[in-house]
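# structure here, sequence nowhere to be found:
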């Protein structure tokens, strides 16, 4: 890979990012990402403008998923009266184990640092993942996974287009 960033998670934007692959192994979490935006201030961005990276591999070394939540929701009518409410639901161990295999073509819409960092010098981040309802072209379910890891390594071979604002 031609470009490599270590622990520069905030040097990317995830607003258009799709998950092409998601694997959890004994000592590593690996995401294969499409449409990841490399911000202009990222150390590996020589374009000096926000640009899309080609297919990017993000490895979270010595990583593990600690827990996850299926996001709840509220439905309101046109008069702003609550019709239905579904609370957040914590994922079971079995659901967490199966979850990565379901994520192909889902969106990774955020990767945020948690305040409750460092267990044995590990970093704590949350991944926001949402699924598209293909029949309607809208978001169906969204999830938040918490991960712990020692090092985040992002690698890609080439840049695509620069990001168009507007």
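Now that the structure is in, tell me what you want to look at. Just so we're clear, the structure is a prediction, and the values are computed from it rather than from any experiment. Numbers count the residues shown, from 1 in each chain.
# going by C-alpha atoms from here, please, whenever you check contacts or count neighbours.
Fine.
# correct me, but residue 67 touches residue 145?
Yes: counting by C-alpha atoms under 8 Å, residue 145 is a contact partner of residue 67 at 6.0 Å.
# who's more crowded, the two?
residue 145 (20 against 16; other C-alpha atoms under 10 Å).
# what strand or helix carries the more buried one?
strand 138-149 (DSSP states H and E).
# which residue lies nearest the spatial centre of this structure?
Geometric centre of the chain, nearest residue: residue 108, 3.5 Å, by C-alpha atoms, centre = their mean.
# helix, strand, or coil at it?
Following DSSP: H, G, I helix; E, B strand; the rest coil, we place residue 108 in the strand state.
# measure it to residue 120 for me?
Counting by C-alpha to C-alpha, to the nearest Å, the separation of residue 108 from residue 120 is 27 Å.
# low-confidence regions, the protein specifically.
Within the chain, the segments meeting pLDDT under 70 span 116-119, 135-139, 166.
# and residue 1, how many neighbours?
Residues near residue 1, counting by other C-alpha under 10 Å, number 10.
# now it. Nearest residue, chain neighbours left out?
Using C-alpha to C-alpha, 6 or more residues apart in numbering and skipping the chain neighbours, the partner closest in space to residue 1 is residue 157 (4.8 Å).
# return the residues in contact with the one you found.
Residues near residue 157 by C-alpha atoms under 8 Å, 6 or more residues apart in numbering: 1, 2, 3, 53, 54, 55, 56.
# rewinding a little: the residue nearest to the centre of the chain contacts residue 130, correct?
Yes: if you go by C-alpha under 8 Å, residue 108 and residue 130 touch, sitting 6.7 Å apart.
# now do the contacts for the residue nearest to residue 107 when sequence neighbours are not counted.
Excluding the flanking residues, the one nearest residue 107 by C-alpha to C-alpha, 6+ apart is residue 18, at 4.4 Å. Shown in contact with residue 18 (C-alpha under 8 Å, 6+ apart): 33, 34, 35, 36, 105, 106, 107, 108.
# just name the closest of those residues to residue 80, please.
residue 107 (28.8 Å; C-alpha to C-alpha).
# please name the bridge partners of that closest one.
Under DSSP bridges, the beta-bridge partners of residue 107 are residue 18, residue 130.
# number of residues surrounding it?
24.
# from residue 48, how far off is it?
For residue 107 relative to residue 48 (C-alpha to C-alpha), the value is 26 Å.
# what residues are up against the closest residue to residue 39 other than its chain neighbours?
Closest residue to residue 39 apart from its sequence neighbours, by C-alpha to C-alpha, 6+ apart: residue 50 at 4.5 Å. Residue 50 makes contact with 37, 38, 39, 40, 162, 163, according to C-alpha under 8 Å, 6+ apart.
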